[in-house]
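> Sequence plus the predicted model coming up.
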Amino acid sequence: MKSPPEHLLFEEESSIDSEWLKDFAARAARSADTPEARRAIRNLYLAGFVGEAAGPGQSRIEIGGAGTRDIGVWRKAGAAANAPFVRRPELGEEWFYWSSTETIPPKKARWRVVLVGESVARGFLYDPDFNPAMALEAMLKAQLGERGIDVIDLAKSNQTQRELKSMIGQCLALRPDVIVAFAGNNWRPQLGERDIPFVENLLRTDGVPGMKAYLDVRREEAARHLVRQASSVLGPRNVKLIWVVPEFNLQDWTDPVSCAPLLGGGDNRVWRDLAQSARQALQARDFALAETLATRMMELDGGTTSVSPRILVECHRAKGDAVATRRFLEMCRDAEGWNPGFSYSPRISTALQDILREAAAIPGQAVVDLPRILEEQQGGGLPGRQMFLDYCHLSATATNAAMTAVGSKVLALLTGREVSPQKLAAGAISPPAKIEGKVSFFAAVHNAHFYQGAEVVRYWCARALELWPECERIMTRYIDIQTRRTPFLACKSAFELAEIDRRERLQYLLRGRVQRLDPMLANVIADCLAGARPAFRKWLADLQIAEHSVKSGAKELTDFCYASAIPTPSERGWTSKSFLNNYGSRAVFASAFDECSKFPFVGEAGQPVKLKLCCRVPGLAEPDATLKIEVNGRLVAQVSVQKAWSAHEALVPGDCVLDGVNEIAVTWPPQTESYQDALRQTSDLLLEGQLQYFRYVFGEIHSLVVFDPARPSQH
């Protein structure tokens, strides 16, 4: 008898037009048309470094069976066919991304469901107290009995599309009858070497909109490959597959304001002028004019920024057009997913949602359309904080709504019985108030650290205290840790929080150990605790001054502690050190993507401070230009900057400084380099293997230091 294959191999076909390579090939030929270049290419070829270009690639999917050794972080305990899988203790931090289940036993129930997917499927912020697998199993056992069915939780936070594909094959070793795949938020485009000739040429001719169009095609092709390959793997083995289509927080989530990335020709300057006029039209409530201007902006930017659709959202919201409002909010969400080196937050796109919906036509597959389910739950309204903790992670209410629909599909596939989601809801479990309170505080921190507004953060903090009043102990200790400059492991509050963690499972707060000045979150907590702890605000202000004012030494404001404290999503002037999930945060200097960059510092009223700025303007065509420095809206210096690095000092008078957090605004000179030159340079560097910002860089800051002018020796 022929043994079943241990792996399946799939060709990753592509519909990308090879005609796009012609200009790239012509430029490569011209650049190689010298004796020295030809000799260098010949030597590389002889050395084996130059050969045929890689094809579209292949997918190799393991087919789980009796010989499977590992499934995620679990390893088979012995050679027996029915041996359990046990967590591997040596994996350390990797454990955080998976279920806390120690052992996956051999199949004993009549039916088995395996849940795979990303952090939404993991139950991010609720897990391990509550998650989708727990909710689904409770509902199904209410219908089929304890021994009728079990649910195995193989969801992993931060899971990539390739990892999901592998897991769908591997988990067959557990003998599932149904696999539930809840994923799509992490399917971001990545630039591989085989993409560079296409992308480089499109950048030169069409700017970033051309690159986005290419990456969109690649991402959609990868999703279609996944759906087809999953069918090829599971269909012959009579394993059913349910896709859960993810949704996004359209109502509450706002991405930081950004300029358009590099466009072709002189379109960036035109776009900026249109944006300014559109904002003025909105302020004047001239929605017809704002709509006309924003539509023109979208034609220029090709959907690469959320600025233009956000203006159209306001226009259609003012008209009461709910359908158009939703459509443009979806465009806002989709606009920020193109950048291969930077991500504001994980998210699904409309195109990927539609591809997953198409799986319903494949025999043996079914689809749970979460966007439609949540729309019904909201009475036709937009999904917001009742359904989401942040951008895509679900509340317990939304988790149960999703799992009732999944459970209904599972029962139909396994038993042929139609059991409505409403009937399944009778067996739903919900987290107790204490867990909801704890998760609400986690949500407040998460939203604050993703630059959401104070109103959203205040909602989650207030909810945390309402549902779990003891949360104030967690809040105050957490802000104490964040505000102090004492290393995390040497901070008393960190030890106290760790002691509480043994009982309350506060892993989210204790991970990372990267301290940041958290002025907005700290102020919101102070507001929420004003009744219970009226002295907290004074204590916080004193602590901020003691730890961060120049009296305790000079402060480098480009450090993550300070650069991460940009006030709100509506503020402009983001720099590359402001986000941990930006590859530029590892650079030795900050790059400004707008003409104004803002940095906070802690001061004392009436006490002057001195600034020392080391910067350059890389796109400057003239010998020098003027840069303005303002503190709390007041001009304190105008300095001459060059294309090369130069250092400047400025005195901030005491009457300009406030107690607590102050704001420095650096306004860069108007750009003089052409956007075509910037595109050309970006394309050249991409060919050299350097992943770029794909944005115009207005200026770069190597160092921005504040210090006490009376104690210059400390600087």
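Yep, it's here.
> Check which helices and strands the host helix or strand of S591 sits against.
Assigned by DSSP states H and E, S591 belongs to strand 590-592. Packing partners of strand 590-592 (3 or more CB pairs under 8 Å, 6 or more residues apart in numbering; DSSP states H and E): strand 699-707. For every residue, glycine as well, the C-beta is placed using N, CA and C.
> centre of the chain versus the strand it packs on, how much separation?
27 Å (CA atoms, centre = their mean, to the nearest Å).
> Alpha carbons only: can I get that strand in PDB?
Extracted C-alpha coordinates of strand 699-707, given in PDB (Å, rounded to 0.1, in the frame of the first residue of the first chain):
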ATOM      1  CA  GLY A 699      15.000  67.100   7.400                       C
ATOM      2  CA  GLU A 700      17.100  64.800   9.600                       C
ATOM      3  CA  ILE A 701      17.900  65.200  13.300                       C
ATOM      4  CA  HIS A 702      21.000  63.500  14.700                       C
ATOM      5  CA  SER A 703      20.500  65.000  18.200                       C
ATOM      6  CA  LEU A 704      18.100  67.300  20.000                       C
ATOM      7  CA  VAL A 705      19.300  68.000  23.500                       C
ATOM      8  CA  VAL A 706      17.700  70.100  26.200                       C
ATOM      9  CA  PHE A 707      19.900  71.200  29.200                       C
END
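> For it, which strands pair with it and how are they oriented?
strand 555-556 (antiparallel), strand 590-592 (antiparallel), strand 609-616 (antiparallel) (DSSP bridges).
> Now the weakest link among the ones you listed, please, by mean pLDDT.
If the strands paired with strand 699-707 are sorted by mean pLDDT, strand 590-592 sits at the bottom with a mean of 86.
> and after it, which helix or strand comes next?
Note on strand 590-592: by DSSP H and E, the next helix or strand toward the C-terminus is strand 596-603.
> Check which residues of that next one are buried.
Buried residues in strand 596-603, counted by 16 or more other CB atoms under 10 Å: S597, K598, F599, P600, F601, V602, G603.
> between the residues you listed, which is nearest C491?
Nearest to C491 among the buried residues of strand 596-603 is V602, at 18.2 Å by CB to CB.
> Name the nearest residue to that closest one, sequence neighbours excluded.
Leaving aside its sequence neighbours, V602 sits nearest to H548 (CB to CB, 6 or more residues apart in numbering; 3.7 Å).
> Give me the number of neighbouring residues for S345.
21 (other CB atoms under 10 Å).
> Please apply the same query to Q159.
For Q159, the count of nearby residues is 24 (other CB under 10 Å).
> For the stretch 201-350 of the chain, just list every one of the helices.
Secondary structure of the stretch 201-350 of the chain (DSSP state H, counting those that start in this stretch): helices located at 208-234, 267-283, 287-301, 307-319, 322-335, 350-358.
> The strands paired with strand 699-707: which one's closest to E118?
strand 590-592 (30.1 Å).
> for the record, mean pLDDT for the strand or helix carrying M134?
For M134, the enclosing helix or strand under DSSP H and E is helix 132-144. Mean pLDDT, helix 132-144: 97.
> Against which helices or strands is it packed?
Here helix 132-144 touches strand 111-117, helix 119-122, strand 149-153, helix 396-415, helix 421-424, going by 3+ CB pairs under 8 Å, 6+ apart.
> Adding distance to G169, mean neighbour count and mean pLDDT as columns, could you present the ones you listed in TSV?
Below are the helices and strands packed on helix 132-144 laid out as TSV (distance: least, CB to CB, whole Å; neighbours: other CB atoms under 10 Å; pLDDT from 0 to 100):
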stretch	distance to G169	mean neighbour count	mean pLDDT
strand 111-117	11	25	98
helix 119-122	17	27	97
strand 149-153	15	25	97
helix 396-415	20	23	97
helix 421-424	29	18	94
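> Between the ones you listed, which one is closest to M211.
Comparing the helices and strands packed on helix 132-144 under CB to CB, the one sitting nearest is helix 119-122, at 27.4 Å.
> Report all helices and strands that that closest one contacts.
So helix 119-122, by 3+ CB pairs under 8 Å, 6+ apart, packs with helix 132-144.
> Name the next helix or strand following the least confident helix or strand in the chain by mean pLDDT along the chain.
Lowest by mean pLDDT, DSSP states H and E among the helices and strands of the chain is helix 35-46, with a mean of 52. Following helix 35-46 in sequence order, the next helix or strand is strand 58-62 (DSSP H and E).
> Packing partners of the helix or strand just after that following strand?
Under the assignment DSSP H and E, the closest C-terminal helix or strand after strand 58-62 is strand 70-71. Counting by 3+ CB pairs under 8 Å, 6+ apart, the packing neighbours recorded for strand 70-71 are helix 161-170.
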